[in-house]
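Chemist: Using only what follows, build the 3D model:
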Amino acid sequence: MRLAIAILNWNGESLLREFLPSVVQYSNPSDIYVIDNGSDDNSVQVISDQFPSVKIIRHKDNYGFTRGYNLGLQVVDADIICLLNNDVMVSPEWTKPILKAFSTDPELAVLQPKILDYKDKNSFEYAGAAGGYIDRFGFPYCRGRLFETLEPHEGRYSNDADIHWASGACLFIRKSVFDEVNGFEDSFFAHMEEVDLCWRLRNLGYKIKYCGESAVYHRGASTLSNASPRKTYLNFRNSLYMLVRNLPSKHLFGILFLRLVMDGLAALKFFFEAELTHAWAVLRAHFSFYGNLKSLLEQRRSLPEPQLNYYHKTSIVWSYFVLGKRTFDRL
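Modeler: Model (predicted):
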């Protein structure tokens, strides 16, 4: 089973110097690619000079996470592709349990390892932790991470599990499956695209799983910080896009209406906390959603029939903020 590791990079010269050595050291046998998204720093030169075994795929522009990978992976020939952020340190033999899982289960489409915090290796990391889920309203959360609460590792969630989505920070996928569904939805650009992809695959009957035997360490927020209004805009907009594309028909308009109301409350919260750029980002996300609703509904008709049992818990917002349940095992 041939494995290729594809690292998307945009102006990540310092990150490549810091994190690529572990990938090269611990990922044999595999082909390693860096897909460069039109960087204008010395990223490409660093790879050529310091990591000659790494293959470079160059884009002329920054196509974002979605199109950057969609175009780059067209020239990658492998059975399994690992999409890996450029700020991830891997551990010895991290790929062995992953490849074993794929070889023993032909219905397995996507697999995520344990994602721990590079800055605090005894804690789960925000982007993925021990596998992702969504609630009835489409809010994502993880085993090991609910909203901003990160759980300590301490041996938690070391068992394999079925999950709803795998983190784009480190996501293994069969190349044939990625090609079958035409990869990520280009219009997302970045954020929530992996949740949309995994949801579509679940609707086709594929398995999405978490592997507790493999661990990587993610620094996080290296391209867009959590304080970025751009990130707020993409998360709110793409969440609405994803719901239209994947919600079961009987729930579509009811859930959308409630989410729009919840988003409005979030914008008000930003406003009263004097985070005006973030409040405006939520409003911009809604304007974009309304402007693209017709095309989203057209996309929906070409996608696999949504499954009714799409969510793990009814409301993570209610559980977390009202009932005070701060860890996954208390949900």
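Chemist: Which residue, other than its chain neighbours, is closest to M1?
Modeler: Spatial nearest neighbour of M1, excluding adjacent residues (Cβ to Cβ, 6 or more residues apart in numbering): D79 at 4.9 Å. (Each C-beta comes from the backbone N, C-alpha and C, glycine too.)
Chemist: Can I get stretch 55-71 in CSV, CA atoms only?
Modeler: As requested, the backbone C-alpha atoms of stretch 55-71 are provided in CSV (Å, rounded to 0.1, in the frame of the first residue of the first chain):
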residue,chain,number,x,y,z
LYS,A,55,9.1,16.6,-4.1
ILE,A,56,7.8,20.1,-4.8
ILE,A,57,4.5,21.0,-6.5
ARG,A,58,4.3,24.7,-7.2
HIS,A,59,1.2,26.8,-7.7
LYS,A,60,1.4,30.3,-9.1
ASP,A,61,-1.1,31.8,-6.6
ASN,A,62,-2.5,31.1,-3.1
TYR,A,63,-5.5,28.9,-3.8
GLY,A,64,-6.3,28.3,-0.2
PHE,A,65,-6.6,24.9,1.5
THR,A,66,-9.3,23.6,-0.8
ARG,A,67,-8.1,24.3,-4.3
GLY,A,68,-4.5,24.1,-3.3
TYR,A,69,-4.9,20.5,-2.4
ASN,A,70,-7.4,19.7,-5.2
LEU,A,71,-4.9,20.8,-7.8
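Chemist: In that stretch, which residues are buried?
Modeler: 55, 57, 59, 62-71 (16 or more other Cβ atoms under 10 Å).
Chemist: so after the helix or strand R202 falls within, what's the next helix or strand?
Modeler: Element membership for R202, per DSSP states H and E: helix 193-203. Per DSSP H and E, the first helix or strand lying C-terminal to helix 193-203 is strand 207-218.
Chemist: how about the buried residues of stretch 55-71 in a markdown table, adding distance to L256?
Modeler: Formatted as a markdown table, these follow (distance: Cβ to Cβ, whole Å):
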| residue | distance to L256 |
| --- | --- |
| K55 | 43 |
| I57 | 38 |
| H59 | 34 |
| N62 | 31 |
| Y63 | 29 |
| G64 | 25 |
| F65 | 24 |
| T66 | 22 |
| R67 | 26 |
| G68 | 29 |
| Y69 | 28 |
| N70 | 27 |
| L71 | 31 |
